[in-house]
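> This is the structure alone, sequence omitted:
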């Protein structure tokens, strides 16, 4: 198997049926947790940036010459998008000195909101998906991850700030 295919399918996760994108999103959570545990949110952010560009390269190689610009086995985009959605949980854990495992509601919110925005594709998510190229494949999930991360942050502020008074 080509190196680009290993990256694009996240070591073959993209071949799991049904719902390979959901499986990739689930697999992203323990990886994001591991990067956080090793060196905190900055390391997770560096992994996201590196993974985005490596994913873009891999997707461009894998869709070259194909009519389908986003085949279902390509899931590196979901992996990166889910990692972005998890970033506020990592930051919150670091800033407030809380064990990241105790922030499990944030994990669930990050997963649920990312899947929602990835499937629904509102506004800029749909625009990026409409590009029909490797950058669009990566961008739509990155933007969905940003939307989901913003949602996670808003929910955390609402719960810990507004509702805990």
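On my side now, so go ahead. This one's a predicted model, so the numbers in the text were calculated from it and none came from an experiment.

> what does the host helix or strand of residue 128 rub up against?
Assigned by DSSP states H and E, residue 128 belongs to helix 124-129. Contacts with helix 124-129, where a contact means Cβ atoms under 8 Å, 6 or more residues apart in numbering, come from 70, 117-118, 121, 136-137, 139-140, 142-144, 147. Every residue, glycine included, has its C-beta placed from N, CA and C.

> Flag whichever of those scores worst on pLDDT.
In terms of pLDDT, the least confident member of these is residue 70, at 89.

> Surely residue 115 touches residue 26?
No. With contact defined as Cβ atoms under 8 Å, residue 115 does not reach residue 26; the gap is 9.8 Å.

> higher neighbour count, the two?
Counted by other Cβ atoms under 10 Å, residue 115 and residue 26 do not tie: residue 115 has more neighbours, with 21 against 17.

> give the contact list for the more buried one.
22, 25.

> Distance-wise, check it relative to residue 140.
Using Cβ to Cβ, to the nearest Å, residue 115 is found at 13 Å from residue 140.

> go on, residue 64?
Residue 64 is 19 Å from residue 140, by Cβ to Cβ.

> Pick out whichever of these two has more residues nearby.
Neighbour tally, residue 64 and residue 140, criterion other Cβ under 10 Å: the higher count belongs to residue 140, 25 against 9.

> Quick check: the more buried one touching residue 77?
Yes. Counting by Cβ under 8 Å, residue 140 touches residue 77, with 7.1 Å between them.

> wait, doesn't residue 14 sit right on residue 8?
Yes. Here residue 14 reaches residue 8: they are 7.1 Å apart, a contact under Cβ under 8 Å.

> more crowded one of the two?
residue 8 (27 against 23).

> quick one: pLDDT of the more buried one?
98.

> Check residue 163 too.
On the pLDDT scale, residue 163 gets 66.

> Residue 98: neighbour count?
Neighbours of residue 98 (other Cβ under 10 Å): 12.

> Just give the closest residue to it, not the sequence neighbours.
residue 92 (7.0 Å; Cβ to Cβ, 6 or more residues apart in numbering).

> Distance check, residue 85 against residue 152.
6 Å.

> Find residues that contact each of the two.
110, 113.

> Tell me where the chain has helices.
3-8, 20-63, 76-96, 104-120, 124-129, 134-157 (DSSP state H).

> Tell me which residues of the helix or strand of the chain with the lowest mean pLDDT come out buried.
In the chain, no helix or strand scores lower on mean pLDDT, DSSP states H and E than helix 124-129, which sits at a mean of 94. Buried residues in helix 124-129, counted by 16 or more other Cβ atoms under 10 Å: 125, 128-129.
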